[in-house]
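Colleague: compute the structure for the input listed below.
(chains A and B)
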Amino acid sequence: MMQLVLMELFKISRQRQTYYAVGAVLVLEGFILMSAFYQGREILEVLLENLRESFEFQGDLMNGNLVIYLVLNSFWFHMPLILMIVVSGFLTVEYKDRTVEATLLQPVSRGGLIVSKYLAALVFTGAILVLLAGSTFGVSYAFFGRGDLVVFLDGLSFFEHPEAIRRLLYAFITGSNTMMFYAVTSLTLAVIFKEATVTWIVAAIFLIINTLLLRLDMDSVFYDYFFLPKLTDSWQYLFYSEIPWGVILKKNLVLWGYTLGTAALGAMIFVKRDVK
Amino acid sequence: MIVAAREICKSYGTRAVLRGVSLSCLKGEIAGLIGPNGAGKTTLFRILLGLVSRDSGQLVVHSQSAKPLGGIIEKPALYNYLSAYDNLRVFSRIQGLDFGRKAYEGLMERVGLAPGRKDPVRNYSMGMKQRLGLAVALLNSPECVILDEPFSGLDPIGIRSLQDRIRTLAREQDMAILLSSHNLAELGGLCDTLSVINHGEIVRHGPASEVFGKAVGGYLLYGTGLQHSRLLKALGAEVGSTAAMLTLNGREISDVLRELSAEQGVNVTACIPQTNLYALFEKEIP
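Modeller: Residues are numbered from 1 along each chain as shown, chains lettered A, B, ... in the order given. The predicted structure is shown next:
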């Protein structure tokens, strides 16, 4: 299994589209950083208009931490889209070139092959997120400096710089669970549809519907904890004044349940279906 | 016997693709499968290679090898963005083989490719890809290689070269080779046995010379003085200035050629059998 995963990663590292994806992620990040900087100024003006006279803030509130927070808000639609396109390509390209067939002509189990693809997709997603987090933190602090983080969620909350870093890091880690889910889903869609364009369209529709349903509130515990779209933004809880760790943990466990279930469905179809 | 398929049936929906097909191949034997497009050749090979499930029937593989069967279905499938070395490395490692420079060079020599090229295989000609595909099929030393339409897309020199490679694998390395084509000329001189498949059924099977012989409907003769031959006239041949199309009507070609060489002023320089594919693909009445 280790060799299968390593060879999957080797192929990913040698494919041109991998580097297009990394380039796209970095370009997108640059745009989001710029817009976050300008958006941040406007938000701060509105939020702090009256508070400035009553409170003293440490440093410029339009700082790297706020930029990272705003970037995080923008990431979770664009990044899954790029990821889903690239990750599904790991399999659709192999269907098109018939290298899946060539691989299965070797003494390799179908289950082993598809599991290695899922694992490689997770490693790739993790690597992209590390790159993204590293570059976002690096660029934000380098250009916009450090200071307290102000956010408005369950109320206006202020976090000192060390606390802000901690929460932002946890937010990246929690958000990565959502990314992993989308990566696995896109690979399962590739197993089902085989063809790249169809897979991309279905993946994009899936993502759009998920994002739209995320805004729908039903005031139901079942809906909040088991309805898929409601599980994909638990990173936001990390910016409540008191972090509801229990809620975050439960939502992420259910999300991982969905992730594993989706992977199991893809693996089952891949193993059972004829290669023709 | 290395591999045998017995009474294999396969349907897609209501369409029966294979109806009780049996086929086998011995060690060191080249077994050909010929049939028109859509006859069921590729489906049968996919079933033999475990890519497609069968509805009924039995597959028997007598081999202790970790990889009893190697194969290429239709065109060789390679990672076009990788070099030949990296392709073979990937296909080796996934099956747990140690793959180094020495193994690479040995394998490339075996299929007649120069090991020096480092560019992606997308730049390779069809013939080179076919040989590299054969190298992938030969990884892990299978005892039988299944090649589906291996000559498709190759020029005549490429076909000849691949035929030589296949012959070497069977004769010198004692491998069982099962190959298919819809072109009798490609299989004629290469195979020991020949099976003819049509509409998902084996309609003929036997030694290649016998099956091939039954498909010969006539001969195209080239030479000089053919238009003056009394024998050709008597046999009702269509005679031109340099060629004659001859239907034997029960006579042996060797007798005809002997008699023609005895005729004064007649010189036969080439004799090319003309196959009647309709007759070949028709079911033989036992």
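Colleague: show me how chain B divides into domains.
Modeller: If the domains of chain B are taken from automatic domain parsing, they occupy B:3-199, B:216-281, with pieces of a single domain joined by a plus sign.
Colleague: below-threshold pLDDT in the chain: ranges please.
Modeller: Going with chain A. Within chain A, the segments meeting pLDDT under 70 span A:40-41, A:43-61, A:154.
Colleague: ah, no, chain B please
Modeller: B:250, B:283-286.
Colleague: spell out which residues of it are next to chain A.
Modeller: By Cβ under 8 Å from any Cβ of the partner chain, the residues of chain B that approach chain A are B:43, B:46, B:49-53, B:66-67, B:70-82, B:86, B:90-91, B:93-96, B:133, B:136-137, B:139-140. C-beta coordinates here come from the backbone N, C-alpha and C atoms, glycine included.
Colleague: just the strands from chain A, written as ranges.
Modeller: Using DSSP state E, the strands found in chain A span residues A:149-152, A:156-159.
Colleague: let me fix that: chain B
Modeller: Ranges of strands within chain B are B:3-12, B:15-25, B:30-34, B:56-61, B:69-72, B:144-148, B:176-181, B:193-198, B:201-207, B:216-224, B:238-239, B:243-246, B:267-275, based on DSSP E.
Colleague: so who does the closest residue in space to residue B:228 that isn't next to it in sequence touch?
Modeller: Spatial nearest neighbour of residue B:228, chain neighbours left out: residue B:265 (5.6 Å); criterion: Cβ to Cβ, 6 or more residues apart in numbering or on different chains. Contact criterion Cβ atoms under 8 Å, 6 or more residues apart in numbering or on different chains gives B:224-225, B:228 as the residues in contact with residue B:265.
Colleague: kindly report the same for residue B:256.
Modeller: Under the criterion of Cβ under 8 Å, 6+ apart, the neighbours of residue B:256 are B:231, B:235, B:246, B:248.
Colleague: which pair in those residues spans the largest distance?
Modeller: In those, two members sit farther apart than any others by Cβ to Cβ. They are B:231 and B:248, at 11.8 Å.
Colleague: for the residue nearest to residue B:228, grab phi and psi.
Modeller: Per-residue torsions, residue B:265: phi 80, psi 0 (degrees, to the nearest 10).
Colleague: does residue A:244 touch residue A:237 like I think?
Modeller: Yes. When contacts are counted by Cβ atoms under 8 Å, residue A:244 is listed as touching residue A:237 (5.3 Å).
Colleague: with neighbour numbers in mind, choose between those two.
Modeller: For residue A:244 and residue A:237, the more surrounded residue by other Cβ atoms under 10 Å in any protein chain shown is residue A:237, and the numbers stand at 20 against 14.
Colleague: for chain B, see how far away that one is.
Modeller: Shown here: residue A:237 relative to chain B, a distance of 42 Å by Cβ to the nearest Cβ, to the nearest Å.
Colleague: and chain A, which of its residues are near chain B?
Modeller: Applying the criterion Cβ under 8 Å from any Cβ, the portion of chain A that neighbours chain B consists of A:3-4, A:6-7, A:10-11, A:14-16, A:97-99, A:101-108, A:113, A:274-276.
Colleague: let's see which of these end up in helices.
Modeller: Members of the residues of chain A next to chain B lying in helices (criterion: DSSP state H): A:3-4, A:6-7, A:10-11, A:14, A:16, A:97, A:99, A:101-104, A:113.
Colleague: buried only: go through these for me.
Modeller: With burial judged by 16 or more other Cβ atoms under 10 Å in any protein chain shown, the buried subset of those is A:3-4, A:7, A:10-11, A:14, A:99, A:101-104, A:113.
Colleague: and the furthest pair within those residues?
Modeller: The distance between the two most remote of those (Cβ to Cβ) is 20.8 Å, for A:14 and A:104.
Colleague: quick revisit: wait, which of the ones in helices among the residues of chain A next to chain B is closest to residue A:211?
Modeller: For residue A:211, the closest of those turns out to be residue A:16, at 29.1 Å, with distances computed as Cβ to Cβ.
Colleague: for the closest one, give me its contacts.
Modeller: For residue A:16, the contact set (Cβ under 8 Å, 6+ apart) comprises residue B:81.
Colleague: of all the domains of chain B, which gets the most neighbours per residue?
Modeller: Between the domains of chain B, domain B:3-199 has the highest mean count of neighbours, a mean of 19, where neighbours are mean count of other Cβ atoms under 10 Å in any protein chain shown.
Colleague: residue of the stretch 151-286 of chain B nearest chain A, please.
Modeller: In the stretch 151-286 of chain B, no residue comes nearer to chain A than residue B:178, which is 13.5 Å away by Cβ to the nearest Cβ.
Colleague: gap between that residue and residue B:48?
Modeller: Residue B:178 sits at a distance of 7 Å from residue B:48 (criterion: Cβ to Cβ, to the nearest Å).
Colleague: one more: residue A:271?
Modeller: Summarising the geometry, the distance separating residue A:271 from residue B:48, computed by Cβ to Cβ, is 19 Å.
Colleague: just the residues of chain B next to chain A: which are in helices?
Modeller: In helices, defined here by DSSP H, the members of these are B:43, B:46, B:86, B:90-91, B:93, B:133, B:136-137.
Colleague: now these in JSON lines, with distance to residue A:73?
Modeller: As requested, those are arranged in JSON lines below (distance: Cβ to Cβ, whole Å):
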{"residue": "B:43", "distance to residue A:73": "53"}
{"residue": "B:46", "distance to residue A:73": "50"}
{"residue": "B:86", "distance to residue A:73": "41"}
{"residue": "B:90", "distance to residue A:73": "40"}
{"residue": "B:91", "distance to residue A:73": "45"}
{"residue": "B:93", "distance to residue A:73": "42"}
{"residue": "B:133", "distance to residue A:73": "50"}
{"residue": "B:136", "distance to residue A:73": "48"}
{"residue": "B:137", "distance to residue A:73": "52"}
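Colleague: quick check: of those, which lies closest to residue A:219?
Modeller: Nearest to residue A:219 among these, counting by Cβ to Cβ, is residue B:90 at 52.8 Å.
Colleague: check contacts around the residue nearest to that closest one when sequence neighbours are not counted.
Modeller: On the basis of Cβ to Cβ, 6+ apart, the spatially nearest residue to residue B:90 that is not a chain neighbour turns out to be residue A:7, at 5.0 Å. Shown here is residue A:7, whose contacts under the criterion Cβ under 8 Å, 6+ apart are A:116, B:90, B:93-94.
Colleague: and residue B:11, by the same measure?
Modeller: Residues in contact with residue B:11 (Cβ under 8 Å, 6+ apart) are B:17, B:55.
Colleague: and it, how far is that from chain A?
Modeller: The gap separating residue B:11 from chain A is 12 Å, by Cβ to the nearest Cβ.
Colleague: residues in contact with the nearest residue to residue A:195 once chain neighbours are set aside?
Modeller: Nearest-residue entry for residue A:195: residue A:92, 6.4 Å, with adjacent residues in sequence omitted and distances by Cβ to Cβ, 6+ apart. Residues near residue A:92 by Cβ under 8 Å, 6+ apart: A:190, A:193-196, A:199.
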